[in-house]
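Student: predicted structure and sequence below. I'll ask about it afterward.
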Amino acid sequence: MWLVVHVPKTAGTSFRHALEQFFGPDNVILDYGRNAAATTEIVRNHLYKPAQAKPLNELVQELSGRSKKVLIGHFPVSKYVDFFEPKNIISFVRDPLIRTCSEYMHRRRNASFEGSFCDFISASNMINIQSRFLQGIPVESVVGLTEQYCESLMYINEAFQLELRVMKRNVGKKGGGQKFAENLSNHELEFFRELNEKDLKLYLCATQRFNALKRPKSKGNQLMNWWKDR
């Protein structure tokens, strides 16, 4: 099985639909939390119904026994990392400022947040989101870049011998996050940098790692071996 950590607003919904198209919806199990309608019933029954709650390992064992292919959702990697092969863990990261602007605009559109941008980024659950989701992710894991989504998908296909297609879902207005960021004041930009130093460092590291990964021309298992060596 593959474990996919879906950091909000990093193309995770598009990737999930690509997985469902390739493996079939029944083989892609969703854990988007207790109150999310998208959460698959088997996860809800195992983890989020107090009278029936069971240990995580029993859920993973049952999914594996049923030959499910993917577990994906909005959860920190630490929740499931002990039950998956490190090389079978996948996630995407995105420029922290653009990601945050995109989520802010999304929440303003659906009326789940009405405050200013500074109010939004000051909330404790909005600070260093990507670092908190990916804290403890094994070095062998696959971390793609939202800005290079097609290239990331190509390497995932090549490394795992899959044929996932580019499918864009839950995409806001083109360039919306970027355009919003371009109109932020110096005060707002500096305030964001001060709050999200960990995410900025994470994104820099992930970008350098991904750009290094793009160099070889090898195929199939040779690519995976090259990846693991580094």
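Tutor: Perfect, I can see it now. Numbering: from 1, shown residues only.
Student: switch to C-alpha atoms for all contacts and neighbour counts from now on
Tutor: Fine.
Student: now the longest helix along the chain: average pLDDT?
Tutor: Looking only at the chain and at elements set by DSSP state H, the helix with the highest residue count is helix 197-213. Helix 197-213 shows a mean pLDDT of 95.
Student: please enumerate the strands of this structure.
Tutor: Secondary structure of the chain (DSSP state E): strands located at 2-5, 28-30, 70-73, 89-93, 142-145.
Student: could you dump those strands into JSON lines and include distance to E151 and mean neighbour count?
Tutor: Shown next, in JSON lines, are the strands of the chain (distance: least, Cα to Cα, whole Å; neighbours: other Cα atoms under 10 Å):
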{"stretch": "strand 2-5", "distance to E151": "17", "mean neighbour count": "23"}
{"stretch": "strand 28-30", "distance to E151": "22", "mean neighbour count": "23"}
{"stretch": "strand 70-73", "distance to E151": "21", "mean neighbour count": "23"}
{"stretch": "strand 89-93", "distance to E151": "12", "mean neighbour count": "24"}
{"stretch": "strand 142-145", "distance to E151": "8", "mean neighbour count": "22"}
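Student: now these in TSV, with mean pLDDT and distance to N125?
Tutor: Formatted as TSV, the strands of the chain follow (pLDDT from 0 to 100; distance: least, Cα to Cα, whole Å):
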stretch	mean pLDDT	distance to N125
strand 2-5	98	17
strand 28-30	98	21
strand 70-73	98	17
strand 89-93	98	17
strand 142-145	96	22
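Student: who's the closest residue to S152 other than its chain neighbours bridged to?
Tutor: Using Cα to Cα, 6 or more residues apart in numbering and skipping the chain neighbours, the partner closest in space to S152 is G144 (5.1 Å). Beta bridges link G144 to F92, judged by DSSP bridges.
Student: rewinding a little: for the strands of the chain, which one sits closest to E158?
Tutor: strand 142-145 (12.1 Å; Cα to Cα).
Student: what's in contact with the closest one?
Tutor: 87-94, 152-153, 156, 206-207, 210 (Cα atoms under 8 Å, 6 or more residues apart in numbering).
Student: let's see it at 10 Å
Tutor: The contact list for strand 142-145 (Cα atoms under 10 Å, 6 or more residues apart in numbering) reads 4-5, 10-11, 86-95, 134, 137, 150-153, 155-156, 159, 203, 206-207, 209-211, 227.
Student: re earlier: the strands of the chain into JSON lines, with extra columns for distance to E163?
Tutor: JSON lines is the format used below for those (distance: least, Cα to Cα, whole Å):
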{"stretch": "strand 2-5", "distance to E163": "15"}
{"stretch": "strand 28-30", "distance to E163": "15"}
{"stretch": "strand 70-73", "distance to E163": "15"}
{"stretch": "strand 89-93", "distance to E163": "16"}
{"stretch": "strand 142-145", "distance to E163": "16"}
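Student: mind listing what's buried along stretch 88-107?
Tutor: 88-106 (16 or more other Cα atoms under 10 Å).
Student: that one: how far from the chain's middle?
Tutor: Relative to the chain's own centre, stretch 88-107 is displaced by 8 Å; criterion: Cα atoms, centre = their mean, to the nearest Å.
Student: ok, stretch 41-48 next?
Tutor: On Cα atoms, centre = their mean, the centre of stretch 41-48 falls 21 Å from that of its chain.
Student: could you dump that stretch to CSV, C-alpha only?
Tutor: Extracted in CSV, the C-alpha atoms of stretch 41-48 (Å, rounded to 0.1, in the frame of the first residue of the first chain):
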residue,chain,number,x,y,z
GLU,A,41,-16.7,4.5,6.1
ILE,A,42,-14.1,1.8,7.2
VAL,A,43,-11.9,4.5,8.6
ARG,A,44,-14.8,6.3,10.3
ASN,A,45,-15.9,3.0,11.9
HIS,A,46,-12.4,2.1,13.1
LEU,A,47,-11.2,5.5,14.3
TYR,A,48,-13.9,8.0,14.8
